[in-house]
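Undergrad: next one to model:
(chains A and B)
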Amino acid sequence: MKSRKLLLPLLLLGAAGPALAHNPMCECKPIDGEQIECTGGFSDGSGAPGVTLDVIGYNEEILVPGKLGENSKLTFKRPDGEFYVLFDAGPGHVVEIDYADIEQ
Amino acid sequence: MSKAAVAPQSPLSRFWHKWRFHLNILLLLIPLGFMPKYFADAALFRGDSGLGERELGEIQVGPWSVQLAELRDEAPRADGPAGYFKAFNLALCQACIPEVKAAYLRIGKPRSLRAAGTIFFGTPYRMSTGLPIPLKTRADADIWITLEGWDGSMHQAAVPLSKASPATVAWLNKQGGK
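TA: Now for the predicted structure:
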């Protein structure tokens, strides 16, 4: 009986993939013309609620300091001029999206 | 002597009964074919065969110097919706180990320390990172190493991508420059 109890965990262990890095990812798209909606997450499928997402001008001025909501999304008004979106899940775990890559 | 149980055997069954011993020996031999790759990988990850498959040698970054290497001499690997990544290894020089707080890698010059790219993690003698390779990366792009010191200083150095990873440039060219 004991070996039977062990069978399932062992099978699950075998099914587990190799430990892959969970790389940060972020996607921004325009909604209703003026607004931009950004969705953050990690490549292992997990969401990123509460993670910092800043909109920064080319002069390094932070235009929109934000945090992703419970649904890992943040919506903000498209700033004028040149800017980039920085999804910041900690040092070295960032994704930059240039304004030119957010289709109008 | 009971002869009752002797049923006529199919050719397949006869073949199996005649050769099963030898077939099982063959089964034991199959893993041997994978041994060279296994030992090559073990040596690569343990560092016995160097920092990576393609070493770039010593690179001066301000007052410090690092060794950089491509983990594998191959095209970037996909990581689902996060895009394509290329693994690099880095070793700090002996004298910089106590001075360097963090090392980052990015395609193109970083706008700020906050956006310095992907961070290297691991022992200072062998740190690793996965560099995201956007599909629209230009073949003449540079990769930038950023070192952050405990004293707050920041030093950078650039290496042409074509030198750091020819396999990545070949892969980018094949993607048709999106």
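Undergrad: for the residue in chain B that chain A sits nearest to, which residues make a bridge with it?
TA: Nearest residue of chain B to chain A: B:Ile119, at 2.1 Å (Cβ to the nearest Cβ). Any C-beta I mention is one placed from the backbone N, CA and C, and that applies to glycine too. Per DSSP bridges, the residues bridged to B:Ile119 are B:Tyr104.
Undergrad: in stretch A:81-93, what counts as buried?
TA: For stretch A:81-93, a neighbour-count test (16 or more other Cβ atoms under 10 Å in any protein chain shown) marks A:83-89, A:92-93 as buried.
Undergrad: now swap in stretch A:45-62 and tell me
TA: In stretch A:45-62, counting by 16+ other Cβ under 10 Å, buried: A:48, A:51-57.
Undergrad: so B:Ala115 is in contact with A:Leu86, correct?
TA: Yes. Taking Cβ atoms under 8 Å as the contact criterion, B:Ala115 and A:Leu86 are neighbours in contact, 5.9 Å apart.
Undergrad: what's the overlap in contacts for the two?
TA: Common neighbours of B:Ala115 and A:Leu86 (criterion: Cβ atoms under 8 Å, 6 or more residues apart in numbering or on different chains): A:94, A:96.
Undergrad: what is the rounded mean pLDDT of the top helix by length along chain B?
TA: Using DSSP state H, we find that the single longest helix of chain B is helix B:11-46. Helix B:11-46 shows a mean pLDDT of 93.
Undergrad: over to stretch B:115-133?
TA: For stretch B:115-133, the per-residue pLDDT averages 95.
Undergrad: same question, stretch B:92-112
TA: pLDDT averaged over stretch B:92-112 gives 95.
Undergrad: and for stretch A:82-102?
TA: 93.
Undergrad: list of residues touching it?
TA: A:24-30, A:36, A:38, A:40, A:42, A:48, A:51-58, A:63, A:78, B:102, B:104, B:111, B:114-121, B:129, B:132.
Undergrad: now the residue nearest the centre of chain B: how far from B:Asn173?
TA: The centroid of chain B falls nearest to B:Leu71 when counting by Cα atoms, centre = their mean (3.7 Å). B:Leu71 sits 21 Å away from B:Asn173, going by Cβ to Cβ, to the nearest Å.
Undergrad: okay, A:Ser21: pLDDT?
TA: In this structure residue A:21 is Ala, not Ser. Reading off the model, A:Ala21 has pLDDT 63.
Undergrad: B:Lys163 in helix, strand or coil?
TA: Under DSSP: H, G, I helix; E, B strand; the rest coil, B:Lys163 falls in the helix class.
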